[in-house]
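[1] I'd like to go over a predicted model; first the sequence, then the structure.
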Amino acid sequence: MGFNYFNIQPIAGRIGAEIVGIDLSQNLSDDLIAEIRKALIQYKVIFFRQQTLDEKGHIAFARRFGELTKAHPTVPGYLTDYPEIFDLDYRRHHAYTDLWHTDVTFVERPPLGSILRAVIIPPYGGDTIWANTVTAYEDLPPHLQALADHLWVVHTNYSDYAASTVEISQAKRDYAKVFQSTIYEAIHPAVRVHPESGERSLVLGSFARRIKGLSSEDSFDTLKLLQSYVTRPENTVRWRWQVGDIAFWDNRSTQHYAIADYGDRPRRVQRITISGDVPVSLDGQRGGVVMGDISDYVPVSQEKDTD
């Protein structure tokens, strides 16, 4: 698949590419935006080194790909002038996202994609890893594919820290209280059909908690088995951040993990999410809301769309 408006350099064998030769602060043509979208779908996550976008430029670029959500369903975005931006300044709190997840799958319409901008980066540490959930599905043996094809999974932002056998810091408990200030649950197919590429991908990650019709124990074991295919090294790409970098990932075909190995060194990134659709199963069925009103998170036109 060729590209006319930029050079593209694949980073790993199955996921990830850097787009070279574009200044995202410029007025980009519709044809160029269409090619960026094509690259996103093909490579799942695309990177732009050392850009000069500010908050307004970040928002303007993201809007070229769809309507934007609020920063987060429960956590404040922290930038009152830019409600679309989730300002993740780890000096403010210690809510590291050092777990594999797809963004906001606990709502009926998870984001189409996310665009992350590096503002402050430690001199070492703080990389992010992405995984290709399409090739993860393709790696499943046929009998596991057949199983996954028929599973429905409940995703939620609720975690029972009180029942955890792992000691949780007070900072994480405080953040969890905010993160869970409103409980959301949504049910999605374990395997969704990508609405643009037609590819099949696994819809799992840390917000996936139980499988419809299975006990808690059987759900845990089955989800753990399927998830293990997502995080195999051959399905991943790792990005070493520099200030100004932009990462744009397709939330419909990836998971990601922010490595919390930088200690007290400052790290600040800003994320914008693009409104998505309801995941569709192989037989055309859609999940939906189990708990929680998302009308304050998604754009009104999206929230009312029932097509």
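    Structure's in. What do you need?
[2] count of residues packed around residue 242?
    Applying other Cβ atoms under 10 Å, we find 11 other residues in the vicinity of residue 242. (Each C-beta comes from the backbone N, C-alpha and C, glycine too.)
[3] and it, helix, strand or coil?
    What DSSP: H, G, I helix; E, B strand; the rest coil gives for residue 242 is coil.
[4] surely it touches residue 47?
    No - with contacts counted by Cβ atoms under 8 Å, residue 242 stays clear of residue 47, the gap being 10.1 Å.
[5] residues in contact with the nearest residue to residue 272 once chain neighbours are set aside?
    Leaving aside its sequence neighbours, residue 272 sits nearest to residue 62 (Cβ to Cβ, 6 or more residues apart in numbering; 4.4 Å). Neighbouring residues of residue 62 by Cβ atoms under 8 Å, 6 or more residues apart in numbering: 68, 84, 115, 272, 274.
[6] from residue 277, how far off is residue 62?
    For residue 62, the distance to residue 277 equals 17 Å [Cβ to Cβ, to the nearest Å].
[7] over to residue 293?
    18 Å.
[8] and the two? which has more neighbours close in?
    residue 277 (18 against 12).
[9] how about the secondary structure of the more buried one?
    Strictly by three-state DSSP, residue 277 counts as coil.
[10] what does it show for phi and psi?
    Dihedral pair for residue 277: phi -120, psi 180, per degrees, to the nearest 10.
[11] next up, the contacts around it.
    Taking Cβ under 8 Å, 6+ apart as the test, what residue 277 contacts is 109, 112, 195.
[12] okay, it: pLDDT?
    Note on residue 277: pLDDT of 96.
[13] quick one: the helices in the stretch 1-150 of the chain?
    Along the stretch 1-150 of the chain, counting by DSSP state H, counting those that start in this stretch, helices occupy 30-43, 55-63, 133-139, 142-148.
[14] now the third one, how far from the centre of its chain.
    So that's helix 133-139. On the basis of Cα atoms, centre = their mean, to the nearest Å, helix 133-139 sits 16 Å off its chain's mean C-alpha point.
[15] quick one, which of the contacts of residue 277 are buried?
    Listed as buried from the contacts of residue 277 are 109, 112; burial here means 16 or more other Cβ atoms under 10 Å.
[16] need the contacts of residue 277 in JSON lines (columns: distance to residue 260 and pLDDT).
    Shown next, in JSON lines, are these (distance: Cβ to Cβ, whole Å; pLDDT from 0 to 100):
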{"residue": "109", "distance to residue 260": "29", "pLDDT": "96"}
{"residue": "112", "distance to residue 260": "27", "pLDDT": "98"}
{"residue": "195", "distance to residue 260": "33", "pLDDT": "98"}
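[17] tell me which of the contacts of residue 277 fall in strands.
    Assigned to strands by DSSP state E, none of the contacts of residue 277 qualify.
[18] low-confidence stretches in the chain?
    Flagging of the chain using pLDDT under 70 yields the residue ranges 1, 93-96, 160-168, 300-307.
[19] flag every buried residue along stretch 150-160.
    Those would be 151-158, for stretch 150-160 by 16+ other Cβ under 10 Å.
[20] just the closest of the residues you listed to residue 238, please.
    Set against residue 238, the nearest of the buried residues of stretch 150-160 by Cβ to Cβ is residue 155 (25.4 Å).
[21] got the contact list for residue 119?
    Shown in contact with residue 119 (Cβ under 8 Å, 6+ apart): 243, 268-270.
[22] ok, so of those residues, who is nearest residue 230?
    Nearest to residue 230 out of those is residue 269 (Cβ to Cβ; 22.4 Å).
[23] surely the closest one forms part of a strand?
    Yes - if the criterion is three-state DSSP, then residue 269 is within a strand.
[24] my guess is it contacts residue 118, does it?
    Yes - using Cβ under 8 Å, residue 269 is in contact with residue 118, at 5.5 Å.
[25] identify the contacts common to these two.
    Taking Cβ under 8 Å, 6+ apart as the contact rule, the neighbours common to residue 269 and residue 118 are residue 241.
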